[in-house]
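Asks: Prediction below, plus the sequence it came from.
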Amino acid sequence: MNSIKIEMGAVLALKNVIQLNDLMKEYINDNDKEPSWDGFIYLYKSDDMKAENIKYRIPVQVKGKNQEDLLKKQRISYPVEYKHLRNYYKDGGVFYVVVAISNDRRKTTIFYNALTTVKLNALLKNSENKKPDQTKNVVLERLKNDDDKLLFKVLSQFGFDRGQQGSGEGEIIEKVINIDVINKVDSIRVTSYLTTNEDETIKMVSSGELCLYGHRSDIDMWLPFDLEQQKEIQLKRVIQMDKSIGIDREIYYCNYFVERENLKDPIIRVSENLTIDLLGGKLRLEMHGNIESLMKDVHFLNAISRGNTFWVDNKQVTEYKDVNLPSSLQKNMEMITDFYNALKEIQFSCDKRTDEFDEKDWKSVVKLINVYHRKIKLKEDDKSEWYNWWWDEKVIPLLIVKDENGKIQIVNWIGKEGYAVFTERETGEQSRLPKGMLFKRDIWEKLYCFLQRQIGECCKMN
């Protein structure tokens, strides 16, 4: 079949669907003279199609393919040259259409892919060395029954995402959310023109057909997720319940979330760390929040092990007895409690989230817990010693000293409350001085030696 006829037939097939819809109008060339693009499809808010009612202007590329066996396919793969993909990426995406045409030109099937900036970003990864005329296979979906209403929804979705994502040379795509910054995302959202229920939405987000957006709390911006990262995320249906949860009438949480995966039994999430499977009788504690939030969960778990009744919204929902927490869970609870108490003892606040702890941080946790349990020894004739505890690239000098009863005490020399208040007799004015001012000379001598060593080590590192 003549190539000009193929292209004309492809454009005509798409135009026929567009003209069925009162809110769409096309300006598409059928002589394929413009590089990379064939024209635009306009979406309107009103069927009067006035300029002031334009909703979206969608760039489109239409290709024809005279191949009978494609007519009944649900999806096809089509090679697109890198020079065109790069142009689409810079421009903020394209609605790419391939029309399969029968030999007699009487039958057509429309396939499409709304190539957003995020999709193109994924297609172009590691393609720096690809020559302009080399190709990348792009998967296109069938437009079922030449449905103009479905086409309008698909184009509306593309128009929305195009506005949210910007061009490939813009600031938004440079900050696309991936695994490196996922912990900075405090909320997510998805806007869908294509689905009517949550299950469909979750399915399309998982496949990448709907883009997931996250709010970066550190820069106060809504940004799209990287496509490959988005596909790896396991989404759940979550319902927030503004009801309290308690044990034996004592309230521990003022609200909770009910999570459900497909048709599985619901899971109650009382915090970002702790989930409860009431029907399965399972508790799961994971390290996500800071030590304060984890300690709150530990108090709740201890209450469960001691209690007899589970309460929701100030109403008893079930009785239980003989709760045996798994040994692994008890071990984690013990570590959280020890670390929390150790921080309290040295008057140090740790706001860092535990899911951000690296191997070095966990080693520091173990060292502080050892100090808390007094697994340290002073030299035989010494009554005090300096111990440097490292946290987050900072050193916290701890004074280990025996009190009058021979018990070892731990003092954070730079602790929040490490001050003494003095009142001047004549003026009545108060001064706040470090408690270190009360240290005896031998302690200051040891501190001097300690600081000398630290400064020496820092100079060597630099």
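Replies: Perfect, thanks for sending it. Numbering: from 1, shown residues only.

Asks: contacts, neighbours, all on C-alpha from now
Replies: Will do.

Asks: any idea whether the closest residue to Leu343 other than its chain neighbours is helix, strand or coil?
Replies: Among residues not flanking Leu343 along the chain, Ser349 sits closest, at 6.7 Å (C-alpha to C-alpha, 6 or more residues apart in numbering). With DSSP: H, G, I helix; E, B strand; the rest coil as the basis, Ser349 sits in coil.

Asks: Distance-wise, check Ser349 relative to Asn341.
Replies: The gap separating Ser349 from Asn341 is 11 Å, by C-alpha to C-alpha, to the nearest Å.

Asks: what helices or strands is the helix or strand in which Leu155 is found leaning on?
Replies: Under the criterion DSSP states H and E, the helix or strand holding Leu155 is helix 148-165. For helix 148-165, the contact count by 3 or more C-alpha pairs under 8 Å, 6 or more residues apart in numbering; DSSP states H and E identifies strand 39-44, strand 54-65, strand 108-115, helix 117-123, strand 221-224 as packing neighbours.

Asks: just checking, what packs against the shortest one?
Replies: Going back to what we said before, that points to strand 221-224. When contacts are defined as 3+ C-alpha pairs under 8 Å, 6+ apart, strand 221-224 sits against helix 148-165, helix 171-174, strand 213-216.

Asks: Save the ones you listed as a markdown table, and put in mean pLDDT, mean neighbour count and distance to Ser206 too.
Replies: Listed next are the helices and strands packed on strand 221-224 as a markdown table, based on pLDDT from 0 to 100; neighbours: other C-alpha atoms under 10 Å; distance: least, C-alpha to C-alpha, whole Å:
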| stretch | mean pLDDT | mean neighbour count | distance to Ser206 |
| --- | --- | --- | --- |
| helix 148-165 | 97 | 20 | 16 |
| helix 171-174 | 94 | 16 | 20 |
| strand 213-216 | 94 | 21 | 13 |
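
Asks: With distance to Ile268 as extra columns, can I get the ones you listed in a markdown table?
Replies: As requested, those are exported to a markdown table (distance: least, C-alpha to C-alpha, whole Å):
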| stretch | distance to Ile268 |
| --- | --- |
| helix 148-165 | 33 |
| helix 171-174 | 35 |
| strand 213-216 | 24 |
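
Asks: residue nearest the centroid of this protein?
Replies: A centroid search over the chain (C-alpha atoms, centre = their mean) returns Ile182, at 3.4 Å, as the residue closest to the centre.

Asks: Show me where this structure has its helices.
Replies: Listed from the start of the chain, the chain has helices (DSSP state H) covering 3-18, 82-91, 117-123, 148-165, 171-174, 198-207, 227-232, 291-306, 327-345, 359-372, 441-461.

Asks: still on that earlier bit, of all the helices and strands packed on helix 148-165, which one is nearest Gly163?
Replies: Evaluated over these, closeness to Gly163 peaks at strand 54-65, with 9.2 Å, by C-alpha to C-alpha.

Asks: related to what we said a few turns ago, tell me how far the residue nearest to the centre of the chain lies from Tyr213.
Replies: 11 Å.

Asks: Ok, Ile251 next?
Replies: If you go by C-alpha to C-alpha, the gap between Ile251 and Tyr213 works out to 35 Å.

Asks: now swap in Glu359 and tell me
Replies: Shown here: Glu359 relative to Tyr213, a distance of 31 Å by C-alpha to C-alpha.

Asks: how about Ile28, what does it touch?
Replies: 11, 38-41, 60 (C-alpha atoms under 8 Å, 6 or more residues apart in numbering).

Asks: burial count for Lys63?
Replies: The number of residues packed around Lys63, counting by other C-alpha atoms under 10 Å, is 21.

Asks: Sorry, wrong one. I was asking about Gly170.
Replies: Residues lying near Gly170 (other C-alpha under 10 Å) number 13.
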